[in-house]
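In: Make a model of this:
(one chain, ligands or ions: 1)
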Amino acid sequence: MTNTGAGAGITALTGLVGLGGTAAADTPDRPRKDPEVSPAGAPTTTTHLTAEQSAAHQALVDEWNDKLDGKTAEEILDWVNEHVIGTVAVTMSMQDTVLAELAQGRVHDAELVFLDTGYHFDETMDVAREVDERYSLPLKTVEPVLSVEEQNREYGANLYRSNPTACCRMRKVEPLARMLNPYEAWISGVKRVDSELRKDTPILDVDRTGRLKINPIAAWTDQDVEDYIEAHDLIIHPLTKQGYPSIGCATCTLPVAPGEDPRSGRWAGSTKTECGLHL
Ligand code: SF4
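Out: Numbers count the residues shown, from 1 in each chain. Predicted structure coming up:
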């Protein structure tokens with residue numbers, strides 16, 4: 001099911017389950033798989049780069065991280081275009097399209113990548129289609145091994161309620177890990193203001209697989225994002241205007257009241273604050 005092939009594009013987004021979907025009935029007499037054991041059929045981790053590649057990335061971090069901190073996002077991506085070898089993955093949540101706009105025409109060897117968990121809001125999928133039309137950078141989607149219906153059958157209905165950590169692992173973390181395999185570097189939209197856990201996010205980092213991780217908007221505030229969206233007339237995710245400042249899966253995202261922590265609507269009511277992608 002995973003679709004990361006060249007030229008896969010937005011067409012890979014067809015055939016999705018509807019939100020809430022047609023969740024299979026939870027038949028209690030059927031043995032369930034252990035949610036700590038992921039489904040077979042695809043790797044669950046990213047292949048580690050060679051020691052030489054990792055060392056080259058660490059050298060870039062050592063030399064450039066401090067120099068790039070304080071530069072504009074545009075300058076940081078110009079640096080990426082000049083210094084990073086190979087195709088760079090630009091991760092897209094579709095909550096906004098800032099990274100696509102920044103990378104377009106600036107990082108010439110880049111691909112937009114989107115994790116289709118099967119649980120997205122319809123509006124998120126609409127934004128993904130608009131992104132595919134607006135930007136010439138290829139848009140590639142990656143999906144979990146199991147459809148929502150298959151996961152319900154194998155692990156019990158609505159795993160996102162009973163074990164959101166396992167659900168995120170199977171539907172986000174592991175697909176992203178597979179998706180990153182062809183790339184040596186990736187760009188994320190993590191910001192220091194997002195949460196306490198992210199407050200020290202560097203501009204450049206080497207992830208646990210030796211890949212270079214670039215956080216060009218790490219120093220941005222939420223207002224900076226708003227200003228950039230307006231100045232560049234970006235695609236607007238309609239839910240961001242309806243009380244959803246941080247948008248993930250429809251099943252795990254609630255609107256928040258004005259003045260509340262923007263991420264408090266994610267996994268509201270549980271202690272979970274991160275899906276694991278950026279840990
Ligand atoms: S955000 Fe919720 S539905 Fe989405 S992968 Fe995580 S637990 Fe599952």
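
In: Extract the residue ranges of this structure that are flagged as low pLDDT.
Out: Low-confidence segments of the chain, defined by pLDDT under 70: 1-31, 262-279.

In: That one: helices as residue ranges?
Out: With DSSP state H as the criterion, the chain has helices at 51-68, 73-83, 98-103, 122-134, 148-155, 159-162, 164-168, 174-179, 222-231.

In: tell me how far the ends of stretch 95-106 are from each other?
Out: 21 Å (CA to CA, to the nearest Å).

In: which parts of that stretch are buried?
Out: Neighbour-count burial for stretch 95-106, with 16 or more other CB atoms under 10 Å as criterion, is recorded at 95-104, 106. (Glycine included, C-beta is placed from N, CA and C.)

In: and these as CSV, adding distance to the ligand?
Out: Output for the buried residues of stretch 95-106, formatted as CSV (distance: CB to the nearest ligand atom, whole Å):
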residue, distance to the ligand
Gln95, 13
Asp96, 18
Thr97, 20
Val98, 21
Leu99, 20
Ala100, 22
Glu101, 25
Leu102, 25
Ala103, 25
Gln104, 28
Arg106, 30
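
In: hang on, the earlier thing: CSV for the helices of the chain, including distance to Pro216?
Out: Below are the helices of the chain laid out as CSV (distance: least, CB to CB, whole Å):
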stretch, distance to Pro216
helix 51-68, 9
helix 73-83, 4
helix 98-103, 6
helix 122-134, 18
helix 148-155, 33
helix 159-162, 30
helix 164-168, 25
helix 174-179, 18
helix 222-231, 11
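
In: hmm, back to that, what's the farthest-apart pair in the buried residues of stretch 95-106?
Out: Largest separation among the buried residues of stretch 95-106 by CB to CB: Gln95 and Arg106, giving 20.7 Å.
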